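Colleague: missing the sequence, but the structure's below:
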């Protein structure tokens with residue numbers, strides 16, 4: 001927007017427009033977070049939401065720095081995470097260093113604020129990698145870089161065109177990250193995604209790190225990028241985490257099961273025997289892709305605590321949906337269940353209840369279509385073209401799993417499924433072209 005246009009609109013109009021875009025961006029970001037964990041939204045729905053968000057974010061650039069006055073006033077009041085997300089994008093878009101500094105200060109106050117701040121980095125880098133780099137490079141009070149500042153700089157590398165060579169131009173950042181476990185796990189995941197050379201040595205060292213999140217990130221790196229010996233070491237370390245109640249185990253159980261080795265078999269055995277980790281066990285069965293896992297899942301379909309989780313695992317294996325294939329049940333009375341026995345994440349609470357006998361009938365008629373020696377995902381054998389199709393059509397909730405399958409087949413086919421849809425489309429187009 002030119003200076004003459006801004007003058008014609010007037011300060012009050014600019015302020016109102018900025019407020020509208022600010023609120024729209026924050027609200028859509030909050031909805032988007034729920035969409036990403038939904039079984040009822042696909043990539044097309046994400047593209048529509050992200051197009052609205054990108055238009056609102058780009059509007060800040062056109063409105064210019066004269067539109068940030070109201071946002072500065074908001075920063076003096078208690079902020080929500082969605083407010084911080086929008087304010088961060090506005091600060092970077094308008095290159096308002098004082099607003100960016102205020103956002104960074106708020107981001108360090110609690111985890112939800114930090115998440116909003118770091119997710120904003122993806123959108124800033126998608127819109128303008130140069131402006132995003134300028135934002136984090138130009139703000140270093142007393143020459144010291146804080147943990148949240150370092151993480152923002154690293155987060156901006158996830159989607160930038162220079163990410164592949166970031167190990168060179170951002171080496172000072174990565175050197176600091178190696179020294180701080182709060183950023184080391186994040187850096188290892190970036191290195192896995194972008195194939196940064198020589199990080200296998202760092203990952204191998206990190207297998208004995210004192211922080212579980214760092215060890216888990218090292219395992220993920222080595223399963224994709226490591227040598228045969230390094231993968232074996234990663235399986236050993238990862239198995240201990242996957243069989244422990246630590247939440248990091250949820251990030252490893254699937255990738256480890258895909259290795260289809262002795263460690264994978266041991267994980268299944270240990271999880272099956274642990275009543276506190278039955279949902280992780282069903283997730284492991286889904287990742288296995290093996291039809292014989294159905295025999296373990298069927299008995300869970302009439303257990304209120306595990307029924308919906310088991311039904312989701314069955315759908316991931318067979319592609320059969322209880323709502324479409326006549327094994328949907330009415331919601332049972334769960335009032336007698338203890339609070340800890342009920343699912344607390346929205347996605348499982350909203351999942352359909354399965355009918356055990358209905359599915360047994362479906363399985364009796366369809367079992368012949370599944371080879372016990374082959375691996376399946378959503379009813380078809382796992383191959384690259386099937387995975388690419390699923391990344392367009394499958395529920396958003398399952399796309400991270402599908403993307404891991406794809407990278408396991410080809411380490412250079414990397415899709416980060418929570419990036420802005422426009423960035424994901426560019427990657428998917430490239431992957432599809434290489435298949436044809």
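Modeller: Cool, got the structure. The structure displayed is predicted, hence computed values, not measured ones. Numbering: from 1, shown residues only.

Colleague: The stretch 201-350 of the chain: helices as residue ranges?
Modeller: Shown for the stretch 201-350 of the chain, the helices assigned by DSSP state H, counting those that start in this stretch span residues 212-225, 228-242, 249-258, 262-273, 278-288, 294-297, 307-318, 346-349.

Colleague: which outside residues touch the fifth one?
Modeller: Spelled out, it's helix 278-288. 242, 249-250, 253-255, 257-258, 260, 264, 267-268, 271-272, 274, 293, 296-297, 300, 305-306, 309-310, 312-313, 316-317, 375, 401 (Cβ atoms under 8 Å, 6 or more residues apart in numbering). All C-beta spots, glycine's among them, are computed from the backbone N, C-alpha and C.

Colleague: Could you tell me which of these count as buried?
Modeller: 242, 249, 253-255, 257-258, 264, 267-268, 271, 293, 296-297, 300, 305-306, 309-310, 312-313, 316-317, 375, 401 (16 or more other Cβ atoms under 10 Å).

Colleague: any low-confidence regions in the stretch 151-300 of the chain?
Modeller: The stretch 151-300 of the chain contains residues with pLDDT under 70 at 160-169, 182.

Colleague: Please repeat the previous calculation with a cut-off of 90.
Modeller: Applying pLDDT under 90 to the stretch 151-300 of the chain picks out residues 153-183, 193-198, 260-261.

Colleague: where along this structure do the strands fall?
Modeller: 376-377, 380-381 (DSSP state E).

Colleague: The ones you listed: which one's closest to residue 113?
Modeller: Of all the strands of the chain, it is strand 376-377 that lies closest to residue 113, at 36.1 Å by Cβ to Cβ.

Colleague: Contacts made by the closest one with the rest, please.
Modeller: With Cβ under 8 Å, 6+ apart, strand 376-377 has contacts from 289-291, 316-319, 370, 382, 386-387, 390, 402, 405.

Colleague: out of the strands of the chain, nearest to residue 200?
Modeller: Of all the strands of the chain, strand 376-377 comes closest under Cβ to Cβ, at 27.8 Å.

Colleague: Tell me the strands beside that closest one, with direction?
Modeller: strand 380-381 (antiparallel) (DSSP bridges).

Colleague: Break the chain down into its domains, please.
Modeller: The chain breaks down by automatic domain parsing into domains covering 1-155, 168-253, 383-436.

Colleague: need the ones you listed in a markdown table with distance to residue 365, can you?
Modeller: Output for the domains of the chain, formatted as a markdown table (distance: least, Cβ to Cβ, whole Å):
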| stretch | distance to residue 365 |
| --- | --- |
| domain 1-155 | 24 |
| domain 168-253 | 31 |
| domain 383-436 | 23 |
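
Colleague: Residue 366: which of those domains is closest?
Modeller: The nearest among these, by Cβ to Cβ, is domain 383-436 at 18.0 Å.

Colleague: tell me the mean pLDDT over that closest one?
Modeller: Averaged across domain 383-436, pLDDT comes to 92.

Colleague: Mind naming the longest helix for this protein?
Modeller: If you go by DSSP state H, the chain has its longest helix at helix 11-35.

Colleague: what residues are up against residue 311?
Modeller: 301, 322, 351-354, 359.

Colleague: Selecting buried members of these in PyMOL, what would you type?
Modeller: Applying 16+ other Cβ under 10 Å to the contacts of residue 311, the buried members can be selected in PyMOL as follows:
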select buried, resi 301+322+351+352+353+354+359
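
Colleague: of the contacts of residue 311, closest to residue 417?
Modeller: Ranked by distance to residue 417 (Cβ to Cβ), the contacts of residue 311 are led by residue 351 at 19.6 Å.

Colleague: and the closest one, what is it in contact with?
Modeller: Taking Cβ under 8 Å, 6+ apart, one finds 39, 308, 311-312 in contact with residue 351.

Colleague: hang on, residue 87 packs against residue 77?
Modeller: No - with contact defined as Cβ atoms under 8 Å, residue 87 does not reach residue 77; the gap is 11.7 Å.

Colleague: of those two, who's got more company?
Modeller: residue 87 (28 against 7; other Cβ atoms under 10 Å).

Colleague: And the more buried one, how close does it get to residue 178?
Modeller: 31 Å (Cβ to Cβ, to the nearest Å).

Colleague: ok, for residue 292, nearest residue in space, not its chain neighbours?
Modeller: Using Cβ to Cβ, 6 or more residues apart in numbering and skipping the chain neighbours, the partner closest in space to residue 292 is residue 372 (5.6 Å).

Colleague: First-to-last residue distance for stretch 397-417?
Modeller: 10 Å (Cα to Cα, to the nearest Å).

Colleague: Not counting stretch 423-435 itself, show me its contacts.
Modeller: 43, 47, 122, 126, 159, 384-385, 388, 391-392, 406, 413-417.
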